[in-house]
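Visitor: Sequence and computational prediction follow.
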Amino acid sequence: MRDVIQSVIDSCDVDKTTLSGNKCLVLVGCAVYLDGCSGIITFTENEIELKTKKGKVFIKGEKMYLKQITKQDIIVKGKINSVTVE
């Protein structure tokens with residue numbers, strides 16, 4: 001999975017952010033990769049709320065879907081408008 005993420009990073013406009021100890025990678029406008037996700041609280045195509053060890057991550061956008069989910073990582077694709085932490 002890390003190789004896939006690195007290849008996308010190399011080809012996109014990328015904003016890397018650390019969210020309260022969780023690694024978050026926002027591919028501007030098209031995807032979010034979050035390392036340290038421990039659960040999905042809310043999921044619609046316009047809003048996703050994720051649980052992490054350090055709090056909650058809110059993703060707002062359009063036509064969003066889960067591209068990949070593992071025990072700790074998640075990739076959300078779609079038109080990403082904002083990512084915030086609570």
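Guide: Okay, I see it. Residues are numbered from 1 along each chain as shown.

Visitor: By mean pLDDT, flag the weakest helix or strand of the protein.
Guide: In the chain, no helix or strand scores lower on mean pLDDT, DSSP states H and E than strand 14-19, which sits at a mean of 50.

Visitor: Give me the neighbour count for residue 48.
Guide: For residue 48, the neighbour count with other CB atoms under 10 Å is 25. Bear in mind the C-beta positions are built from the backbone N, C-alpha and C, glycine included.

Visitor: make that residue 68, sorry
Guide: Neighbours around residue 68, by other CB under 10 Å: 13.

Visitor: So it is in contact with residue 76, correct?
Guide: No - using CB atoms under 8 Å, residue 68 makes no contact with residue 76, being 9.2 Å away.

Visitor: give the contact list for the closest residue to residue 74 other than its chain neighbours.
Guide: Leaving out its chain neighbours, the residue that sits closest to residue 74 by CB to CB, 6 or more residues apart in numbering is residue 37, at 4.4 Å. Going by CB atoms under 8 Å, 6 or more residues apart in numbering, residue 37 touches 22, 50-52, 57, 69, 72-74.

Visitor: Distance check, residue 37 against residue 62.
Guide: 21 Å (CB to CB, to the nearest Å).

Visitor: quick one: buried residues of the longest strand along the chain?
Guide: Using DSSP state E, we find that the single longest strand of the chain is strand 55-69. By neighbour count with 16 or more other CB atoms under 10 Å, strand 55-69 contains the buried residues 56-57, 59, 61, 64.

Visitor: now do stretch 35-52
Guide: 35-37, 48-50, 52.
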